[in-house]
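# based on what follows, work out the 3D shape:
(one chain, ligands or ions: 2)
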Amino acid sequence: MIDRLLERALEEKLKQRDRLVSTLSEREVEEARRDPHAKRRPRPCGLTIHPAVGCDRGCLYCYVPSIIGEGSIKINPLSPEQLVLSLLENPYFLPGANGTLLAVGSVTEPFLNETVTLKTLEYVRAFRRLLGNPVQIATKPYYSAELVRALVDAVEPRASILVTIVTLKHAKLLEPRAPEPEERFEFMRALVKGGLSASLFLRPIVPGTTEMEAKEVLERTLEAGVRSVVIGTLRVNWEILDRLRALSASYKHILSRVREVPTGSMQVAIEGSDLKKKVEGMARRLGFVVFPSSCSANVMSHDLSCAACSMGPCGSLENLPKIDCSCIHSSLEILGERPLQVIIEGNTIKIRLRKRARKRAAIIGTIIQTITKRQVRFFE
Ligand code: SF4
Ligand code: SF4
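Numbering: from 1, shown residues only. Ligands and ions are numbered 1, 2, ... in the order given. Below is the predicted model of the structure:
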């Protein structure tokens, strides 16, 4: 039952944390505790891991320059042990194979250059050695046999690697300093040979471009030995919209799908569900497994199942952790709370907390969702 799983994961968290605190210097421990990885709440795709912050590849659809600033790259100064300690200090984080999904690469390219690559490899090696959590890396990689060998050697063997390709013909314009799509196919091929689980990351669909080339991209992906895909639509802010003017043939298609022109720091999803369905249909007809989201690729590559959001369930329902009201009560007690009421409705767990516990609801909800792989709702 999941209460025992949770108990073991929390014991392991404390044990590992104390062990690392005893081996690192006071200054190193302090740096780890101050790092954002010690505080950040997981996003739906998991807890994002930042070997660096920033990227200079200049992809027109990228939101990173708007957050970090154009071209600026800051390597994460934490050692692998410090980063692991940071995660163990994070109240939302659970270690282990049933624990928090880790997603590398949200605010940088994990294989951007030699220094970032080294950092990424050090971090994923430490996760494998010290944590055992499911790891996913999203990348537009350059190809080198040496990089693939180093990755296969460093990362846990079930890791999910997402390789982004959204265009072949317009890659130079859309992703000016990223490696050629040919290199990315080569990388996929080598990953498959190396025994890692690779998926095509067909995201974002850039209207007027990606859906026109999707069939060819999918067919080339199959030739590289990869049979699964994550497909996603485009989000824009005013800077991204402005940059996308350079893609003149597509710009009018993009603009026609923006319901509200964004201003300031606003970011909006464009209307692209029809394109997503169209590309999903193409992929299925070609025999692809289509994942509804990147976390789904991570869950499936680790032979887990999850029903924590309306896009699921992902994986087989029989494989979901077994739960009942009594083990949820007991799990909440392990977290230091005695709930007033627990109701299980399908794959949703509804919890009524005592008033004084409500300020901890976000942490409690995240931990219970992680361990049960179900949606958690609170009610009064
Ligand atoms: S490689 Fe990734 S992080 Fe870098 S600019 Fe392109 S989309 Fe952004
Ligand atoms: S149900 Fe699927 S898409 Fe939803 S959080 Fe779980 S793995 Fe992700």
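# skipping its backbone neighbours, what lies nearest residue 253 in space?
Distances taken as C-beta to C-beta, 6 or more residues apart in numbering place residue 208 nearest to residue 253, at 3.3 Å, with adjacent residues excluded. Quick note: C-beta positions are derived from backbone N, CA and C, even for glycine.
# count the neighbours of that neighbour for me.
21 (other C-beta atoms under 10 Å).
# got the confidence number for it?
Note on residue 208: pLDDT of 96.
# and it, what does it touch?
By C-beta atoms under 8 Å, 6 or more residues apart in numbering, the contact set of residue 208 is 247, 249-254.
# quick check, the residue in the stretch 101-250 of the chain closest to ligand 2?
Nearest to ligand 2, among the residues of the stretch 101-250 of the chain, is residue 101, at 8.0 Å (C-beta to the nearest ligand atom).
# spatially nearest residue to that residue (excluding sequence neighbours)?
Sequence neighbours aside, residue 46 is the residue nearest to residue 101 in space, at 3.0 Å (criterion: C-beta to C-beta, 6+ apart).
# quick check: beta-bridge partners of the one you found?
residue 43 (DSSP bridges).
# was I right to think it contacts residue 99?
No: the pair residue 46 and residue 99 does not pass the contact test of C-beta atoms under 8 Å, sitting 10.0 Å apart.
# shared neighbours of those two, anything?
residue 134.
# show me where the stretch 51-200 of the chain dips below the pLDDT cut-off.
Applying pLDDT under 70 to the stretch 51-200 of the chain flags no residue at all.
# chain neighbours aside, what residue packs nearest to the residue located most distally from the centre of the chain?
Distance to the chain centre peaks in the chain at residue 340, reaching 33.8 Å (criterion: C-alpha atoms, centre = their mean). Spatially, and ignoring its direct neighbours in sequence, residue 340 is nearest to residue 352 (4.4 Å; C-beta to C-beta, 6+ apart).
# element containing residue 207, please.
Residue 207 is part of no helix or strand, with elements assigned from DSSP states H and E.
# typo on my end, residue 125
Per DSSP H and E: helix 114-130 holds residue 125.
# now the stretch 1-150 of the chain against ligand 2: closest residue?
Taking C-beta to the nearest ligand atom, the stretch 1-150 of the chain has residue 44 as its residue nearest ligand 2, at 5.7 Å.
# what is the burial count for that residue?
Neighbours around residue 44, by other C-beta under 10 Å: 12.
# can you give me phi and psi for it?
Main-chain torsions, residue 44, degrees, to the nearest 10: phi -60, psi -30.
# ok, it to residue 191 distance?
25 Å (C-beta to C-beta, to the nearest Å).
# again with residue 161
Relative to residue 191, and taking C-beta to C-beta, residue 161 is found at 6 Å.
# what about the residue in the stretch 201-350 of the chain that ligand 1 sits nearest to, which SS state?
The stretch 201-350 of the chain approaches ligand 1 most closely through residue 204 (9.2 Å), counting by C-beta to the nearest ligand atom. For residue 204, the assignment made with DSSP: H, G, I helix; E, B strand; the rest coil gives coil.
# what is the burial count for the residue nearest to it when sequence neighbours are not counted?
Nearest residue to residue 204, sequence neighbours excluded (C-beta to C-beta, 6+ apart): residue 234, at 3.8 Å. Using other C-beta under 10 Å, residue 234 is surrounded by 24 other residues.
# ok, residue 234 - contacts?
Shown in contact with residue 234 (C-beta under 8 Å, 6+ apart): 61, 204-207, 254, 269-270, 272.
# try it again at 10 Å.
61, 166, 203-207, 210, 240-241, 244, 254, 257-258, 268-272, 275 (C-beta atoms under 10 Å, 6 or more residues apart in numbering).
# check residue 108 too.
Shown in contact with residue 108 (C-beta under 10 Å, 6+ apart): 50-57, 64, 68, 73-76, 116, 119-120.
# what bridges to the residue nearest to it when sequence neighbours are not counted?
Of all residues not flanking residue 108 in the chain, residue 52 sits nearest, at 4.3 Å (C-beta to C-beta, 6+ apart). Counting by DSSP bridges, residue 52 forms beta bridges with residue 75.
# so how far is residue 120 from residue 52?
8 Å.
# avg pLDDT for the longest helix seen in the chain?
What stands out as the longest helix in the chain, according to DSSP state H, is helix 2-23. For helix 2-23, the mean per-residue pLDDT is 96.
# so which other helices or strands are in contact with it?
In this structure, helix 2-23 makes packing contacts with helix 26-34, helix 80-89, helix 114-130, helix 325-334, helix 361-372, judged by 3 or more C-beta pairs under 10 Å, 6 or more residues apart in numbering; DSSP states H and E.
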